[in-house]
Each structure stands twice: as structure tokens, then as C-alpha cells.
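Asker: quick one: sequence plus predicted model below, questions after.
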Amino acid sequence: MNTSADAARCTPLVLGVLISGSGTNLQAIIDRIAEGQLPAKIAVVISNVASAKGLDRARRAEIPTVVLDHKAFPSRAAFDEKMVETLRAHDVECVVLAGFMRIVTKVLLDAFPYRVINIHPSLLPAFPGVNAQAQAVAYGVRISGCTAHFVDAGTDTGPVIAQRSVDVFERDDEESLRKRILREEHVLLPAVLGWIARGWLEVDTSGGGRPRVRLNPSNP
Ligand code: GAR
């Protein structure tokens, strides 16, 4: 699974990556693509923060960047309309929220159904929202981790694709836990994008309850 031979066999998935900060998850995606492990191409990186370090990572990799300051828009929907326009202008097929600290609306979700992926630094449904690592330390859990999920209209409530766990130790603080979880995010997110690129993810919405995501590596 996830070999460069697989990558050579399929058309690259066209990604739009949304960031707000340091962009280490973006970097992991860039690196896996460069190594031939992930059959994808990043067509554009959009940041809502002009000073986001992740923009430098994109520029170094010669990926087009766009800054859209959410404060310049009258509403979340208007901001998302501009994002959709920008993503479409770059022929994006799949949108990745890689440390994008804004809630997205139906405008974006309807434009990319089951094609908006988020990485979150906890084992959802535990600790949604901001400061998930601090929430985990404060609660005193002994296992935490990260979750890759499809985004829906709620905050970190969309169908889970995959998770990776980490131990939480007595000595941990928010920062040490953040670093340990981040290492797992850098494995999980590119792996999940690889499954999508290869057509291996199926979403079953037939049950009437929460949609179920299945990994089916036998898909062509
Ligand atoms: C990551 O830990 C990501 O899971 C988190 O922001 C960090 C971004 O790091 N996202 C959220 O908390 C979203 N609710 P990065 O900019 O270095 O990739």
C-alpha cells in the first residue's frame, strides 16, 4: 500500500490546502508528493492569515498561494464564496483543512461534497474545537491522538475517516502533547489523502444514521 508504483498508476488528485499557521501538515503533504508516495498535486494554498509561516513553505515548493483575509468579508458565507471561486479557478478536486482555524459553511461544503477533509488534534468526538491538546491535558485522559474526517456543518462532527493515538503522560503539558500528536498528524493526513486519490474511500449514507466511511483498497 502507498508505494510509488501505486502513485504512478493513477491520475494525481488536485488538492487545495487551507491553512492559518505554521503549515507543518502542509509540509508533510508536500514531502510525500515529492517522494512519490502520494499521487496528488497541490494546485493552491489559501491562508486567511497573511503572516502564516505555511505560506513560505508553499512558496518554497513553488505552489501558488492566495491570502484571503476573512475580516475583509461581510459574512462567513461571503468568505467561503470567494474561497470556492479561488479553488475552482485552480481546478481543485479535494479541499484539505490543514490547521485552518475558521469554521466553514454550507457554501464550501456544497461545492465539494465529501471532498473537504480536516485534521484535528484529538480523538474525536473527544475535545472538538480549539485547544484540543489543552483540553486533553486538563481532562486527564491517558490516550489522545488525531482524527482525519470529512467536514460537515458542525464543529469537528463530520464522518471519521481514520485516527492515530498517542499516550498522554503525567508530565505532559499542552506543548509536549501538541508535538507528539503533530508527528502522528503528519503520517495520518497524507495517508488518508492517498486513499482518496486512489479511490479507496467509500462513504455509506444509506443507514439513516451517521455516514460510515470505509476503506476499500480493492477499488481500481
Ligand atoms: C494541527 O495540530 C491541526 O490538527 C490543528 O492545528 C494544527 C496546525 O498545525 N487544527 C485544529 O486544531 C483545527 N481544529 P500546522 O499548521 O503546523 O499544520
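Answerer: Nice, thanks for sending it over. Residues are numbered from 1 along each chain as shown.

Asker: longest helix in the protein, by residue count?
Answerer: In the chain, with assignment by DSSP state H, the single longest helix is helix 174-197.

Asker: what strands flank the next helix or strand after that one, and is each parallel or antiparallel?
Answerer: Next in sequence after helix 174-197, counting helices and strands by DSSP states H and E, comes strand 201-204. Under the criterion DSSP bridges, strand 201-204 sits next to strand 212-215 (antiparallel) in its sheet.

Asker: quick one on the thing from earlier: what about the longest helix of the chain and the ligand, touching?
Answerer: Yes: Helix 174-197 reaches the ligand (C-beta under 6 Å from any ligand atom) through 182, 185. C-betas here are computed from N, CA, C, even on glycine.

Asker: so the residue lying closest to Thr86 once chain neighbours are set aside: helix, strand or coil?
Answerer: In space, Thr86 comes closest to Val66 once its chain neighbours are excluded; the distance is 5.4 Å by C-beta to C-beta, 6 or more residues apart in numbering. Classification of Val66 using DSSP: H, G, I helix; E, B strand; the rest coil returns strand.

Asker: low-confidence ranges, the chain, go.
Answerer: For the chain, the stretches flagged by pLDDT under 70 are 1-10, 220.

Asker: closest residue of it to the ligand?
Answerer: Gly99 (2.5 Å; C-beta to the nearest ligand atom).

Asker: how about that residue: what's its closest non-neighbour residue?
Answerer: Gly21 (5.0 Å).

Asker: what's the local residue count around the one you found?
Answerer: Using other C-beta atoms under 10 Å, Gly21 has 17 other residues around it.

Asker: quick one: contacts for Leu177?
Answerer: By C-beta atoms under 8 Å, 6 or more residues apart in numbering, Leu177 lies in contact with 133, 136-137, 144, 166, 168.

Asker: who's in contact with the spatially most central residue of the chain?
Answerer: Against the mean C-alpha coordinate of the chain, by C-alpha atoms, centre = their mean, the closest residue is Asn118 at 3.4 Å. By C-beta under 8 Å, 6+ apart, Asn118 lies in contact with 97, 100, 148-151, 156, 158.

Asker: tell me which of the residues you listed fall in helices.
Answerer: Using DSSP H, none of the contacts of Asn118 sit in helices.

Asker: for the ligand, what are the nearby residues on the chain?
Answerer: 19, 21-25, 54, 98-99, 119-121, 132, 182, 185.

Asker: drop anything exposed from these.
Answerer: 19, 21, 23-25, 54, 98-99, 119-121, 132, 182, 185 (16 or more other C-beta atoms under 10 Å).

Asker: okay, and which of these map to strands?
Answerer: 19, 119-120 (DSSP state E).

Asker: list just the nearest of these to Ser218.
Answerer: Ile119 (26.0 Å; C-beta to C-beta).

Asker: my guess is the closest one contacts Phe150, does it?
Answerer: No: Ile119 is beyond contact range of Phe150, at 11.6 Å (criterion: C-beta atoms under 8 Å).

Asker: please enumerate the strands of this protein.
Answerer: Assigned by DSSP E, the chain shows strands spanning 13-19, 40-47, 65-67, 94-97, 116-120, 143-150, 160-167, 201-204, 212-215.

Asker: pretty sure Gly199 contacts Pro217?
Answerer: No: taking contacts as C-beta under 8 Å, Gly199 lies outside contact range of Pro217: 9.7 Å.
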